[in-house]
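> Kindly return the folded structure for what I paste below:
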Amino acid sequence: MGPSPTTLSKLKLGKLKVVRRQLLQRYEHQPFVSCLAGLYGCQWRRYQRARTLPGECCCSKVEFGSFGLLIVTFWLSLVFLYFWSEAQNDYNDFDWFNFGNLGFWFPWSVVLLVVAAAFFSYVTLLLVLAVCLLSEGQQLYLHWGHKIGILVTLTFSVVATAVLSDLWSKEWSTLLLSFQVTAPYLHVGGVLMLTILSWPIALHYFRMNKKVRRAITIGLYLAVLFALYLVPLGLYSPCIKEEGTLGPAPVLIGHRGAPMLAPENTQMSFEKVVEAGGEGLETDVTISYDGVPFLMHDKTFRRTTNVQEVFPNRTDAPAAMFFWSEIEKLNAGSWFLSRDPFGTASSLTPEDRALAHNQSVFTLRDFLDLAALHRKMVIFDLYRPPRGHPYRDTWITRILEVIHNESSIQSSQVLWLPWELRDLVQELDPALQQTSGRRASIEELQEDHVVKLNLHYSSMSQEQISKYASANISTNLYVISQPWLYSLAWCAGAQSVTTNALHILKNLPRPLFLMTPEDYHRMWIPTDVVSAVLILIIFVFHWWRERGLAFYSGNRETNDNGTYSKFRTELSDVWSISSVNVVGQPLSPTITEQLSSISEQQEPCVLYPCLGLQSPALTP
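Okay, here's the model as predicted:
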C-alpha cells in the first residue's frame, strides 16, 4: 500500500524546502554584490537582474564609455595628487603668491591637497567597485550622480594641472627628482597592483569566445607587466650607492632665519638658527632712502609688517623709499602669529610668542654682528634701489662700507652673491667668497674667482655637483625643506642647502631611501619573481576551473543523495540540487523540469512562483 496523497504532498513540500535552502546557501554573498551594485549604480535591490557572463560585453556602449572615462580620470587624478603632494616643499611660496594677488592670507596649498586627495579617493572607490562587479559577472550601470562626479574630478585635475604647470613649471622638475627616491617603491606597488588584477583578467580571458579580444587583452596585460618588471634595469637614483661612498651631510643655512619658528628676517629668526646649530644665515637686503641697509625680502612692507596700520596710504610703496626712522615704527612679527604661514605658531612657548610679537625690522649691521658673534657664514641677495633713490648708483659700495667699517664680521664669512660689479668687488675685497647664482663652465667661474654656486634645487645633478667639486667649487641648493629632498641633495653630494626647516633636517641621521645596489637587487628581483609565480598560478587555476566547468556542462553526475545539474546564478556557475532522494521518492518530472528551467533573468527569492507553487509564507 503506497503512501497517501497527503503524505506525498508533505514529502514534496519537504523536498522543496531542502531545495530552497540549498539554493539560498549559494546566495550567501549576494548581499555583498547588491551592496556593490548599490554603491556603484544606486540599485539597492537584493538580487540584480542585469548581469553578464565573464568574457562577454560588460555593459552598453554608454556605460562602457563611462567606465573608460572613469579609468582616465583615475590616472589623471593620481598624477595630479602625486604632483602636488611632492610639491610640498614650495607650498609657502604658493600661498604667498596668492596673498599677493588676492590681498588676504589663506593656506590654499593645503586645501588644494585635501581636495585632490578626496577626489582621488572617490574615483578610486568607484573603480574598485566596477572591477568587483565585473569579477562577479554583473553588468555595469553607473548612476548619473557618479557620472557628474567623475566629470567634476576630471575637470579639476586637468585645470589644476594646467594652471600650476603654467605658474610653477619648475615643479615638474621636482616631480622628476622625486622619482629618483620613490621609483623603487613605486615599482613594488605597481607590480602588486598588476598581480591583483591578474585574477579578474584571467577569469575573463578564459571565458572570452572571440580570439581577437582574447589576444588584445592578454597582449596588453603582458606588455605592461613585462615593462614594469624591466623598469629597475634602467632606474637611476643617487641614493642607491655602494656602502662607504656617501659623503658628509650638507651644511644647513637658515633661509631668512628659521621662518617656521619665528618671523622671517628678524633677530629672533636668526637666533633660532644659531640655537638649532645651523652653519649659515641667508637673507635679503634693501637700502632705506637715507642709506640704512635693512633686511626685507619683498619690494614692499605689506606682507611682513603692519605698514597698513602705521602708514595706511603707503601700503604698496617700495620699501626702499622709506626713511629708517619710519621703518623703525613698524612691527615685523605680529603677522607671523596671526597668519601662521607654516602652521607652527601654536607650537611656540608663551615666551616665544611674546618675543615674536615684538620683533622689528632688522638692520644689516646688526645681522652681520650676530653672525660674527657666533661665527656663522652669511649669504644675501642685494636689491638695487628704484629710480630716484639717492643710493641708486652707489648701493654696492654702501654695502661694502657696512661690511668693512660698521660691523665686526670678517670678509671671509661673507658669501658674496650679487653679480653686479663683481670685478670691482673682487678688487676691493679679495677675501669675500665670490658666489654665483648661475651655472657656467669651470673656466668662466674660475675667471670670476667664484668658489661657490647658489642654485635652485630643481637643477640638482650629481654629475654637475661632482664636476664642480673637482675644481674646488662647492654647490649650495635652495630652498630645501622636505626631508626627502634633503636626502636626495645629500646623496647627490651637495655641500650645503638653504632651508626653512633647519630644526627638522638637522635631526636626520642618514638620507631617507638610502640603499646599496645589492639591497635594491634583493628588493626588486624577488618581487618580480614572486609576482610572476602568483600570476602563473592564478592563470593555471582559472584554466583548470574553466576546463572542469566545460566538462560538467554536458554531463550529469550521480551520487547516493541524488542527481546534480549545472545551475547558473547571477554571481557565477554553481552546482545545485535538482532532485533529492527522500525515502526513495524523487521529485515529479514536472517539478524537475521547472527547476532546471530557472533562468539567470529570474530572481532566486521568488523560487516558489518559479515552480508554479504558492510560497508557504504567503499561504493564509
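
> What segments of the stretch 201-350 of the chain are strands?
In chain order, the stretch 201-350 of the chain shows strands spanning 251-255, 280-287, 293-295, with DSSP state E, counting those that start in this stretch as the criterion.

> who wins for proximity to residue 517 among these?
Go through those one by one with Cβ to Cβ and the one that ends up closest to residue 517 is strand 251-255, at 27.9 Å. Placement of C-beta: from N, CA and C, glycine included.

> Give me the most central residue, the chain.
In the chain, the centroid-proximal residue (Cα atoms, centre = their mean) is residue 82; its distance is 3.0 Å.

> roughly how far apart are that one and residue 381?
Using Cβ to Cβ, to the nearest Å, one gets 32 Å for the distance from residue 82 to residue 381.

> Count the residues that sit near residue 418.
Look at residue 418: counted by other Cβ atoms under 10 Å, it has 18 neighbours.

> try residue 155
11.

> Does it belong to a helix, a strand or coil?
Assigned by DSSP: H, G, I helix; E, B strand; the rest coil, the conformation of residue 155 is helix.

> Save the strands of the stretch 201-350 of the chain as TSV, and put in mean neighbour count, mean pLDDT and distance to residue 342 too.
Listed next are the strands of the stretch 201-350 of the chain as TSV, based on neighbours: other Cβ atoms under 10 Å; pLDDT from 0 to 100; distance: least, Cβ to Cβ, whole Å:
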stretch	mean neighbour count	mean pLDDT	distance to residue 342
strand 251-255	24	97	12
strand 280-287	23	97	17
strand 293-295	26	98	19
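
> Tell me which of those strands lies nearest to residue 128.
Each of the strands of the stretch 201-350 of the chain was checked against residue 128 via Cβ to Cβ, and the shortest separation belongs to strand 251-255, namely 42.5 Å.

> Provide the angle between the direction of the closest one and the direction of strand 280-287.
For the pair strand 251-255 and strand 280-287, the angle between their directions (axes from the mean of the first three to the mean of the last three Cα atoms, to 10 degrees) equals 30 degrees.

> Look at residue 372 and give its secondary structure.
In three-state terms, and counting by three-state DSSP, residue 372 is helix.

> I'd like the distance between it and residue 380.
Computed with Cβ to Cβ, the distance linking residue 372 and residue 380 is 14 Å.

> More neighbours: which of the two?
Neighbour comparison, residue 372 and residue 380: the larger count goes to residue 380, with 22 against 15 (by other Cβ under 10 Å).

> Show the subsequent helix or strand relative to the strand or helix carrying the more buried one.
In this assignment (DSSP states H and E), residue 380 forms part of strand 377-382. Counting by DSSP H and E, the element after strand 377-382 in chain order, helix or strand, is helix 395-401.

> got the buried residues for that following helix?
Of the residues in helix 395-401, those buried under the neighbour-count criterion (16 or more other Cβ atoms under 10 Å) are 395, 396, 398, 399, 400.

> before we move on, what about stretch 423-437?
By 16+ other Cβ under 10 Å, the buried positions in stretch 423-437 come out as 425, 426, 432, 433, 434, 435, 436.

> Any idea what residue 283 is bridged to?
Residues in a beta bridge with residue 283, per DSSP bridges, are residue 380.

> Do I have it right that it meets residue 380?
Yes - using Cβ atoms under 8 Å, residue 283 and residue 380 qualify as a contacting pair, with a distance of 4.8 Å.

> which residues of the stretch 301-450 of the chain fall in helices?
Along the stretch 301-450 of the chain, counting by DSSP state H, counting those that start in this stretch, helices occupy 307-310, 324-327, 334-339, 350-357, 364-374, 395-401, 422-428, 442-447.

> Wait, residue 88 touches residue 483, no?
No - contact status for residue 88 versus residue 483: not in contact, 10.6 Å apart, counting by Cβ under 8 Å.

> Overlap of the contact sets of those two?
For the pair residue 88 and residue 483, no residue contacts each of them under the criterion Cβ atoms under 8 Å, 6 or more residues apart in numbering.

> so where's the protein shaky on pLDDT?
Within the chain, the ranges that satisfy pLDDT under 70 run 1-29, 44-59, 548-620.

> before we move on, back to that, check which helices and strands the strand holding residue 380 sits against.
Using 3 or more Cβ pairs under 8 Å, 6 or more residues apart in numbering; DSSP states H and E as the contact definition, the elements that strand 377-382 packs against are strand 280-287, helix 364-374, helix 395-401, strand 414-416.

> how about it as PDB, C-alpha atoms only?
Listed next in PDB are the C-alpha coordinates belonging to strand 377-382 (Å, rounded to 0.1, in the frame of the first residue of the first chain):
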ATOM      1  CA  MET A 377      78.600  82.200   7.300                       C
ATOM      2  CA  VAL A 378      76.200  84.700   5.600                       C
ATOM      3  CA  ILE A 379      74.800  85.000   2.200                       C
ATOM      4  CA  PHE A 380      72.400  87.600   0.900                       C
ATOM      5  CA  ASP A 381      70.500  88.900  -2.100                       C
ATOM      6  CA  LEU A 382      71.000  92.600  -2.600                       C
END
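
> So for it, what gets flagged as buried?
Of the residues in strand 377-382, those scored as buried under the neighbour-count criterion (16+ other Cβ under 10 Å) are 377, 378, 379, 380, 382.

> And the contacts of it?
Residues from elsewhere that reach strand 377-382, judged by Cβ under 8 Å, 6+ apart: 253, 279-285, 364, 367-368, 371, 395-396, 399, 409, 413-415, 417-418, 435, 454, 476, 498.

> Kindly recompute the last result at 7 Å.
Strand 377-382 is touched from outside by 253, 279-285, 368, 371, 399, 413-415, 417-418, 435, 454, with contacts defined as Cβ atoms under 7 Å, 6 or more residues apart in numbering.
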